[in-house]
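K.L.:
Quick one, what's the 3D model for this:
(chains A and B)
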Amino acid sequence: MLSLWLRRLSTDRIVRLRKHETSVPLVVTGKRGNVEVVTAADDAARQLGLTSGLALAQARAMHPGIDVVAEDVEADAALLDSIADWCLRYTPLVACDRPDGLLLDISGCAHLYGGERELIADLGGRLEKSGFAYSLAIAGTIGAAWAAAHYGEPASYACGEESSVLAPLPLSALRLPPATVASLARVGLKRIGGIIDLPRAPLTARFGPDVLRQLDRALGHDHEPLTPRLPVAPYVAEQRFPEPIGREEDVLAITVRLARRLQSALEHGGDGVRRIELSLFRTDGVVRRIAAGTSRPLRNPEEIRALFVERLAALADALDPGFGFDMARLSVLVAEPCPPEQIGIAGGEDTAELCRLIDRLSARLGPRRIRRLVAQDSHIPELAETAMPAQAVNGDTGWSTFRRYRNEVDLPPRPLRLLARPEPIEAVAEVPDGPPLRFRWRRALHEVVAAEGPERIEGVWWSEHGGPARDYFRVEDKSGLRFWLFRAGLYRDLAHGAGAPAWFLHGTFA
Amino acid sequence: MRYLEFAAASNFSFLRGASHPEELMVQTASIGLAGLGLCDRNSVAGVVRAHLAKREQNLTLRYHPGARLVFADNTPDILVYPRNRAGWGRLTRLLTLGNLRAEKGKCTLHLDDLLSHAFGLELIAMGGHARFLARLREAAPHRVRLAASMLYRGHDRARLARTKTIARDAQVPLIAANDVLYHHPDRRPLADVLTCIREKTTIERAGRKLAVNAERYLKPPQEMLRLFRDAPEAIEETLVLSDALSFSLDELRYEYPDEEVQGFDNAQDALAHLTYEGAARRYPAGIPDKVRDNLEHELKLIAQLQYASYFLTVHDIVRFARSQGILCQGRGSAANSAVCFCLGVTEVDPDRADLLFERFISPERREPPDIDVDFEHERREEVIQYIYGKYGRDRAGIAATVISYRGRSAIREVGKVFGLSEDAIGALSSSIWGGGGGAVSKDAVTRTGLDPHSRRMRQILALAREINSFPRHLSQHVGGFVITRSRLDEVMPIGNAAMDDRTFVEWDKDDLDALGILKIDVLGLGMLSCLRKALDLLDGHYGERWTLASIPPEDPAVYNMLGRADSLGVFQVESRAQMTMLPRLKPKNFYDLVIEVAIVRPGPIQGDMVHPYLRRRRGQEQVTYPSKALEAVLAKTLGVPLFQEQAMKIAIVAAGFTPSEADRLRRAMATFKRVGTIGTFQRKMIDGMLANGYERDFAERCFQQIEGFGEYGFPESHAASFALLVYASAWLKCRYPDAFGAALLNAQPMGFYAPAQIVRDMREHGVEVRPPDINHSHWDSTLEPGPRAAECMHDLHREMRNDVRTVHAVRLGLREIKGLREEDVRLIMERRGGAYDSMRDVWLRTGLSPRVLERLADADAFGSLGLTRREALWAAKSLGRVGDRDDDLPLFATGGAPQARIVSQEPDVRLPPMPVGEEVINDYRFLHLSLRAHPSQFLRADLDARGIKQNETLRRAASGMRTRISGLITCRQRPGSANGVVFMTIEDESAVANVIVWPKVFERLRPIVLGARYVAVIGRVQEESGVIHVVAEQLEDLTYLLAQLAEHGAEINGLARCDEVRRPIEEQREARRTGSRRNRLVSLMREMPELAGDLGVSARGSAHAPTRRAIAAPPRRARH
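P.N.:
Next comes the predicted model:
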């Protein structure tokens, strides 16, 4: 058993992401209860006495100059996962020992590297090069390896030596809850050696069965199973080929075959595909991965095929099979519950049609090119809607919220067409806040016969590009055309040095 | 054109209104509105402030206090304005009804409540249909109006036409209202920030939650008329409504309760009788002439101002406390009154002190007298219940405290709104020192790593400044009681407090003061509890019955002790600064204590009075007086004015001021310090002194001196009240350190020192202190027969050997054990019988959970059972297994003898013995102190190797010598008067040492000063008058050494209450009263309009004049 402890995982992750090296002590912080506390510290910070558990306020008071980064538990976990995957090169049996360790079952594998010591050297060397601080140990049991990696001398220990390895180590090396360790310490039991020879019954009576179970496991008296990391993809189908394939048609054919296999599994699980990936394993070890997204859960093999048709057509470089692919794997990366297909009348079909169209266009033209208008929460008309990639819009386009707001405050009508940017016009109007009597837009003069307003909308004061307040008017000209105009700037602000108000046309009504 | 705004909300509509009531009032005047109706959401909390602003600036506009009712049942908001006093009563009862129904800070009202309370109220509906209006009209015929607003929403004119139709159909008049939230459109950013705080969102994310425009400000009448040109009658209607409203807040004045007059014709007669009866008791040998004159003068003034009932009320409360054996004592300016002394409210003998009654009550001041009484803090509740019992909850209530945004909370909230990260906010807010209303400096911003010149940062800082002093919510005042003659809820609304069964009124002390409503401060004082406990111990163990009044006066042993700065635990003079002053002043009599209390204050220190006084006292400087007349005033302080009263007397005697004028001078000093110089009084005083033949130079110096401590000066009366407690506590400490120490421990938390220091001090005074024990301890610390303290006295205190009378040891109470509950300890004591004989015995008899017994074991409280800490824990851990107790039930009856059976079931386990060092660390962890040894004793070899000496060696060190010492940090103080100097107290096994850290060193060694628990100090020895300090040059954090003793060694904390550096605490609470500066300014302006000239602006200042800031954003300090 090999136990690997990445003792500065969080700070190493952050430092690796940085371009420049800095010597500023770094701490990672997170909320524990109601307090922002240090959750990890790099070596420089540790030397200053900044340790996990210290309140951030106190740490800052002590060392105002430290670098503080918010914790990102998910990023840490993802990093550990990827290191675990990378360790598959040593053994298929890799388990995560969260939050910052790995357990590798290397029985029968070490000889590939020329022995345990060599394996340690290889693993350590690579980790070091990648900028990870680590500590590792090999022993006959998980418990002993873990204890030695975290508390003892990093080395490789022979089976049967567990007792002498463990005896001088503190009880926390048995992976006991801190509360148990603390209460054992209070009666003077602090080292593993102190409990090895103690009568078992009184110990169990006072501190529960965990203590002795952990001890027995570490000593090898009791078996501890290793739980290897499970494959993440919820649905996977793969196929090996005796003869490598290389043609696009073959690839698509195999995709449909794999998709059919997935279909029954998906139906069984009540799920549909939101994101799917096709991995093609080249004979020389290179892996081609092609992913595609969908705008609604789907499981129809033909539809999945259609996605990849578009993707393959859109690939900038050719498939480049080299000497051919000897394996293909179709993995569902993201699945979502998908109700049984509604076959039938009216609305449902339309939405499905629209989605299919969006998926195909997105796969072909790129997801960023196909957009939908989504309502935004802002008083400023041009900021009140935005175009988003259509696949990313998940049902709610925000318009129902907007409609609720409009009814609530009795909002005056908005124009059917809003100009991309307001166009300056010349207008004659009553001071200070009357509607325009006539105006000239795109060289044509319009006589106003009816007007309603003003609707005053203030600029965004906290932004540098907020602009002045606007007075909006709905006006109708002689020929019955209706416009949305506004005066930018208020006469009352003239006193504060604002420029003279100016007129703009912002939209037209049907 | 004339128009009144009736829909104006102030910032007492919390997180909605964005202007102070004062700002609204001033703006109303300056834009020419005819008047203002102030209506906050279900509250009248802000109406008094606007009322005062109007009064103080002599504004001739109309003002109508009201409220905006917001209903829980979808009814549109309704503004209500009382027509008259009766209507006001209806309104406050209505609000009370809604408040008491809801949790703290909320008010739940339904339309039916209003309909049944509508009598005497004028209503303005902010919306609603004809049918709804008809319903209102039925409840309040001819008193309903419908509001219309023109807020630039796009179809205002169409809306107005619709509203007009509704009003016509419902046959109610239309009234114009701008639904105001701020006095000026410039407040829009702040209003948006408030919205974000309320909605718990950021400015970027708030979207349509923010207001679409900035139109809800106070608009000038011509603008309102223009907007309402389609309905000018709606503008006209505001004046019609105003004419119908006759109520003024001034009608609430003098709501004093009628006290029983016990057979006398009136309160005045009863007061005179009680006063002279008391005087006869105070002066058995006959009332001295001086006192008799005082009494006559005071009684005359009291009669003239009709304050007799008030004195009777206070007298009755004090009499009740005395009858219950609750110690109490009046404080503050009331001690200037001979009447208060004779009534037993205060203890300062007018025969011995020069009292200045005008400091207490002045006819011109037109403020009700203010008597603050301290009670034992643990029994204050009894007094409060008595007041409720006597006056009933419908006549007595607790005043509110307005909790406002302050420097830290302001930057915190505004920073959040702008989306600053949690730690940037933390760093910015922690750069503001203490709890005051400071602001974030540019340097602090830079240090946080942000750019103070960026647009965003400038906005944040400006808005944080603007929101500063905005009210956040109302809270209950610590002890301010308001008592009224009639129903309290018809004078002001009452609301629920956070505590169950507690209510408080909506107005704070300033508001009550301003309206002349009676209030009395019922305060809690820890030292009074301590004194009573100590006196009880003397009674129980020494058979000596003393009272505060009968403690032998002027005991030289007491003064010898204080002169050596041996004052730990003594009231008021136990702080580092006081301990430094004591050996220099060497008090010899009671009056010296009065001076001692008053001299270590920012006032005398900044006015540079301390050194001249000390020089004269030591005979290094000649004592001279500028004139014979002033000699009488200044003789007792050797010619150096130290007290406020002396400043006033100088003005009276030398410059010909009347006593009332002198009082005004004093208040003007205190109030104007920050606002401007006080030219009017300066001229008057200097001219007066010149006319009386004084030198101009001297006159100017006198004035400057008065100016120097105008704000912080300490009244002699107050110092004298405190000095009585100083003497009483010092006497107990000197004669019976056992009883005093035990009482101090039992009155915790109070004072400056943690139990560890109190225990150390007791032991140094020869008192044997015994550990808490399951069989011997009570909850409180107790006395047990013990050795004579005189024989065990530490060398430090050998001079006291003949003074100490202690023959008892102190047994620490179980209350010292961390995490133990009092009811569990009561159970242990009740079931103890003779004694417990084993862990199981304790468990079976008390039925306490094993967890509690583990706590006791951790604290090593099973010594009398022969169990060590580890053995006790091992035994406690075995308890509580399933089935155990059932098996053992029969044993319960026989007394638990067959213990052996259980023991024999278990194999013997030999636990490793605990090293002493670890025992000590564990003592600290679970008891906060150790009687075994000091941790540094176990580090000594290590310390020796580093060349670190014992603290004791300082006593023999020459001043100026460099030395190296170490110790556990027990105290960090950073007094406001010391310019950022940190005083640190450290202790090792030999002695306590005082370390001074200058600001420069502090900045350099900040992490150590703030983070270390055990520290080594390299610095120079400084000795003055027997007080030894080490001025730190270098510090080293040795906390890690403690970790070598035991696992959690580095976690022990010697600090307790006196950690001012991280958690600023107040030096007692006498500074509390600075809160009413706004009020003082207001009343001064009222009395002396000529002072306005000194402010540099006219009374009717423009909206942006400096006065407005001073008044509208009162520089109150949060010292509550």
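
K.L.:
Low-confidence stretches in the stretch 301-450 of chain B?
P.N.:
Scanning the stretch 301-450 of chain B with the threshold set as pLDDT under 70 gives B:365-366, B:432-439, B:447-449.

K.L.:
need the residues of it near chain A, please.
P.N.:
In this structure, the stretch 301-450 of chain B approaches chain A at residues B:F418, B:S421, B:E422, B:D423, B:G426, B:A427, B:S430, B:R447, judged by CB under 8 Å from any CB of the partner chain. For glycine as for every other residue, the C-beta is placed from the backbone atoms N, C-alpha and C.

K.L.:
Take these and keep only those in helices.
P.N.:
Counting by DSSP state H, these place B:E422, B:D423, B:G426, B:A427, B:S430, B:R447 in helices.

K.L.:
who's in contact with B:N560?
P.N.:
Each residue near B:N560 by CB atoms under 8 Å, 6 or more residues apart in numbering or on different chains is listed here: B:E799, B:M800, B:D803.

K.L.:
thinking again about what came up before, now list the buried members of the ones in helices among the residues of the stretch 301-450 of chain B next to chain A.
P.N.:
By neighbour count, with 16 or more other CB atoms under 10 Å in any protein chain shown, these hold B:E422, B:D423, B:G426, B:A427, B:S430 as buried.

K.L.:
The fourth one and A:R60 touch, don't they?
P.N.:
Yes: applying CB atoms under 8 Å, one finds B:A427 in contact with A:R60, separated by 5.7 Å.

K.L.:
Not counting sequence-adjacent ones, nearest residue to the residue of the stretch 201-350 of chain B found nearest chain A?
P.N.:
Among the residues of the stretch 201-350 of chain B, B:G207 lies closest to chain A, at 2.9 Å counting by CB to the nearest CB. The spatially closest residue to B:G207, leaving aside those adjacent along the chain, is A:D377, at 2.9 Å (CB to CB, 6 or more residues apart in numbering or on different chains).

K.L.:
what's the pLDDT at that neighbour?
P.N.:
A:D377 carries a pLDDT value of 91.

K.L.:
so which strand or helix has it?
P.N.:
Secondary structure assignment for A:D377, by DSSP states H and E: no helix or strand.

K.L.:
show me the contacts for it.
P.N.:
For A:D377, the contact set (CB under 8 Å, 6+ apart) comprises A:A384, A:G398, A:T401, B:R205, B:G207, B:R208.

K.L.:
B:D860 and chain A, how far apart?
P.N.:
As judged by CB to the nearest CB, to the nearest Å, B:D860 and chain A stand 11 Å apart.

K.L.:
Next, work out how far apart B:L812 and chain A are.
P.N.:
When CB to the nearest CB is applied, the distance between B:L812 and chain A equals 21 Å.

K.L.:
What of B:E645?
P.N.:
Distance of B:E645 to chain A, given as CB to the nearest CB: 43 Å.

K.L.:
Return the distance of the host helix or strand of that residue from the chain's centre.
P.N.:
Element membership for B:E645, per DSSP H and E: helix B:644-655. On the basis of CA atoms, centre = their mean, to the nearest Å, the separation between the geometric centre of helix B:644-655 and that of its chain is 30 Å.

K.L.:
so what does the helix or strand following it touch, helix or strand wise?
P.N.:
Per DSSP H and E, the first helix or strand lying C-terminal to helix B:644-655 is helix B:659-672. In this structure, helix B:659-672 makes packing contacts with helix B:644-655, helix B:679-691, helix B:696-708, helix B:1077-1087, judged by 3 or more CB pairs under 8 Å, 6 or more residues apart in numbering or on different chains; DSSP states H and E.

K.L.:
So which of these has the densest surroundings on average?
P.N.:
Each of these was given a mean neighbour count from mean count of other CB atoms under 10 Å in any protein chain shown, and the largest, a mean of 25, is that of helix B:644-655.

K.L.:
That one - contacts with which helices or strands?
P.N.:
Counting by 3+ CB pairs under 8 Å, 6+ apart, the packing neighbours recorded for helix B:644-655 are helix B:628-634, helix B:659-672, helix B:679-691, helix B:696-708, helix B:716-735.

K.L.:
Do a quick rundown of the strands in the stretch 101-250 of chain A.
P.N.:
Per DSSP state E, counting those that start in this stretch, the stretch 101-250 of chain A has strands spanning A:101-104, A:135-138, A:235-245. These are given in chain order.

K.L.:
on that earlier part again, a markdown table for the helices and strands packed on helix B:644-655, including mean pLDDT and distance to B:G866?
P.N.:
Formatted as a markdown table, the entries for those read as follows, by pLDDT from 0 to 100; distance: least, CB to CB, whole Å:
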| stretch | mean pLDDT | distance to B:G866 |
| --- | --- | --- |
| helix B:628-634 | 84 | 68 |
| helix B:659-672 | 71 | 65 |
| helix B:679-691 | 82 | 76 |
| helix B:696-708 | 75 | 66 |
| helix B:716-735 | 91 | 36 |
